[in-house]
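Visitor: here's a sequence, model it:
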Amino acid sequence: MPISSRFNARQLRHARIRKRISGTAARPRLAVFVSNRHFCAQIIDDEKHHTLVAHSTLEMKQKLSLNKKTATLVGEAIAKKALAKKITEVVFDRGGYLFHGRIAAFATAARNGGLKF
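Guide: This is a model prediction of the structure:
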């Protein structure tokens, strides 16, 4: 099955972003992934190749559709988990997705939750 050009375009955008963005122990990378059913976010230390904090809609008890409200809930939850591990500053990796809609709602919720990026 051929992969769509939309998928290829996102992969190229993500590769361009990842050339410039890298997470360190001082400022780990906040990476986002959106599938057809779920919204996932994780905070990664690229120097150690280690995931520090992760949250997704798979961990949520209530069944939600994939929309801005769900992205906001994931953003608030990842910010709360990060602050519990004393992570306050991150580098935002939008994963090649355009910064609007669900990605912007997630970023706003994470900022309001206490993360700085």
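Visitor: thought residue 28 was touching residue 88?
Guide: No - taking contacts as C-beta atoms under 8 Å, residue 28 lies outside contact range of residue 88: 10.5 Å. Any C-beta I mention is one placed from the backbone N, CA and C, and that applies to glycine too.
Visitor: centroid-nearest residue for this protein?
Guide: Closest residue to the average C-alpha location of the chain: residue 32 at 2.4 Å, with C-alpha atoms, centre = their mean.
Visitor: residue boundaries of the helices in the protein?
Guide: 5-20, 68-84, 102-112 (DSSP state H).
Visitor: what comes up buried for the second one?
Guide: Judged by neighbour count (16 or more other C-beta atoms under 10 Å), helix 68-84 contains these buried residues: 70-79, 81-82.
Visitor: and it, how far out from the chain middle?
Guide: Put simply, helix 68-84 sits 10 Å off its chain's centre (C-alpha atoms, centre = their mean, to the nearest Å).
Visitor: pLDDT weak spots in the chain?
Guide: In the predicted model of the chain, residues 1-3 satisfy pLDDT under 70.
Visitor: how about 50 then?
Guide: Along the chain, segments meeting pLDDT under 50 span 1.
Visitor: and residue 28 and residue 88? Which one has more around it.
Guide: Neighbours around residue 28 and residue 88, counted as other C-beta atoms under 10 Å, are more numerous at residue 28. The numbers are 26 against 13.
Visitor: list the contacts of the more buried one.
Guide: Contacts for residue 28 (C-beta atoms under 8 Å, 6 or more residues apart in numbering) come out as 43-46, 52, 87, 90-91.
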